[in-house]
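**Q** Have a look; sequence and predicted model below, questions after that.
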Amino acid sequence: MKPAGTRVVFMGSPAFAVPSLRALAAAGYEVVAVVTQPDRPAGRGGRLTPPEVKVAALELGIPVLQPETLKDEAVRAQLRALEPHLFVVAAFGKILSTAVLGIPSRGCVNVHASLLPRWRGASPIAAAIRAGDSEAGVSIMEMVREMDAGPVIARAAIPVAPDDTTGTLEARLAELGAAELVRVLPPWFEGHITAEPQDPAQVTFCGLIRKEDGQLRDEMTAAAAERAIRACDPWPGAFVGYRDQRLGIWRAHVEPLPGEFETGAFTIAARRPAIAFPDGLLVLDEVQRTGAKRLPGDAFLNGERGQLPLTAGLA
């Protein structure tokens with residue numbers, strides 16, 4: 001089955017999904033509809049904001065559906081009426097039921113931002129950075145009822161850079177996933193590629209990230225804390241307690257301990273605030289007080305006149 005005449009319903013919501021949608025359209029697939037999350041309040045003003053995929057779909061002239069749930073039979077009837085050959089899913093944000101998975105005649109394909117079976121779940125990019133993985137990637141897989149458990153059609157990997165954040169790595173993986181998707185769909189349709197089941201012994205999981213997951217913890221090493229900072233950028237942002245507030249940490253690096261310090265102790269290194277961990281100092285290169293702008297660590301220290309609390313508030 002060639003792209004032209006292949007009826008695709010695309011399901012996705014955030015920026016990660018946009019390159020895959022654009023790639024399908026550019027490759028000549030007949031994208032008959034885009035299904036995405038409803039517009040949600042965002043920002044301090046709570047203004048209703050459309051998902052990035054909706055914006056892209058409207059630019060491409062593709063009809064958009066934004067149901068609150070896919071459990072509604074009227075919604076499923078609407079999808080069946082589109083007579084799709086294929087659902088393509090990328091960071092949609094909803095689990096598809098068996099009834100929905102059975103609608104397209106050729107099944108459902110997912111673009112997942114990990115090298116499955118490693119990092120099934122909702123936050124695979126942040127999980128890879130937190131764990132110190134040397135590489136990350138995307139998997140194109142056939143969808144089944146169990147989350148991220150379907151057979152894998154193809155994988156593509158890239159190195160994780162030492163300064164990668166979730167934001168920077170996600171942008172590269174979004175483009176990689178789009179390219180891999182349109183590369184493998186034609187031979188998969190023609191039966192030249194057979195999806196391989198995942199090895200259950202190699203499965204790892206990652207859950208949803210919560211705001212409180214950004215707080216650095218006293219059981220961390222300095223290296224783990226530095227990775228956590230990058231994993232929490234852009235959301236939810238890493239932080240420690242500081243003078244009854246939160247001190248956001250956006251960039252940091254690790255240096256050797258110059259002496260004996262208790263875990264969590266504040267000190268000064270390289271004219272920047274630093275926090276002691278068992279294996280080293282976490283030197284704070286860019287920080288942000290609640291309600292204030294981001295500052296280089298040395299500028300922040302100057303504002304504090306070099307006077308730091310005895311300890312940082314670690315969880």
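**A** Happy to help now that I have it.
**Q** For stretch 109-116, measure first residue to last.
**A** Distance across stretch 109-116, first residue to last, is 14 Å (C-alpha to C-alpha, to the nearest Å).
**Q** Could I get the full set of strands for the stretch 101-250 of the chain?
**A** For the stretch 101-250 of the chain, strands defined by DSSP state E, counting those that start in this stretch occupy the ranges 108-112, 120-121, 135-142, 152-159, 205-206, 238-242, 245-255.
**Q** mind putting those strands in TSV, mean neighbour count included?
**A** Every residue, glycine included, has its C-beta placed from N, CA and C. Rendered in TSV, the data for the strands of the stretch 101-250 of the chain read as follows (neighbours: other C-beta atoms under 10 Å):
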stretch	mean neighbour count
strand 108-112	25
strand 120-121	18
strand 135-142	23
strand 152-159	17
strand 205-206	17
strand 238-242	22
strand 245-255	20
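**Q** Compare these and give me the one nearest T290.
**A** Distances from T290 to each of the strands of the stretch 101-250 of the chain were compared using C-beta to C-beta; the minimum, 5.0 Å, belongs to strand 245-255.
**Q** by contact count, what packs against the worst-scoring helix or strand of the chain on mean pLDDT?
**A** Across the helices and strands of the chain, mean pLDDT, DSSP states H and E gives its lowest value to strand 40-42, namely a mean of 89. Packing partners of strand 40-42 (3 or more C-beta pairs under 8 Å, 6 or more residues apart in numbering; DSSP states H and E): strand 47-49.
**Q** Average pLDDT for the strand it packs on, rounded please.
**A** Per-residue confidence for strand 47-49 averages out to 92 on the pLDDT scale.
**Q** List of residues touching that strand?
**A** The set of residues that contact strand 47-49 without belonging to it, under C-beta atoms under 8 Å, 6 or more residues apart in numbering, is 39-43.
**Q** and with 7 Å instead?
**A** 39-42 (C-beta atoms under 7 Å, 6 or more residues apart in numbering).
**Q** Restrict the helix or strand following it to CA atoms and write it as CSV.
**A** Once strand 47-49 ends, the next helix or strand along the chain (criterion: DSSP states H and E) is helix 52-60. As requested, C-alpha coordinates have been extracted for helix 52-60 and formatted as CSV (Å, rounded to 0.1, in the frame of the first residue of the first chain):
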residue,chain,number,x,y,z
GLU,A,52,0.6,22.2,19.2
VAL,A,53,-0.7,19.4,17.0
LYS,A,54,-4.0,21.2,16.5
VAL,A,55,-2.2,24.3,15.4
ALA,A,56,-0.2,22.3,12.9
ALA,A,57,-3.2,20.4,11.6
LEU,A,58,-5.1,23.6,10.9
GLU,A,59,-2.1,25.0,9.0
LEU,A,60,-2.2,21.8,6.9
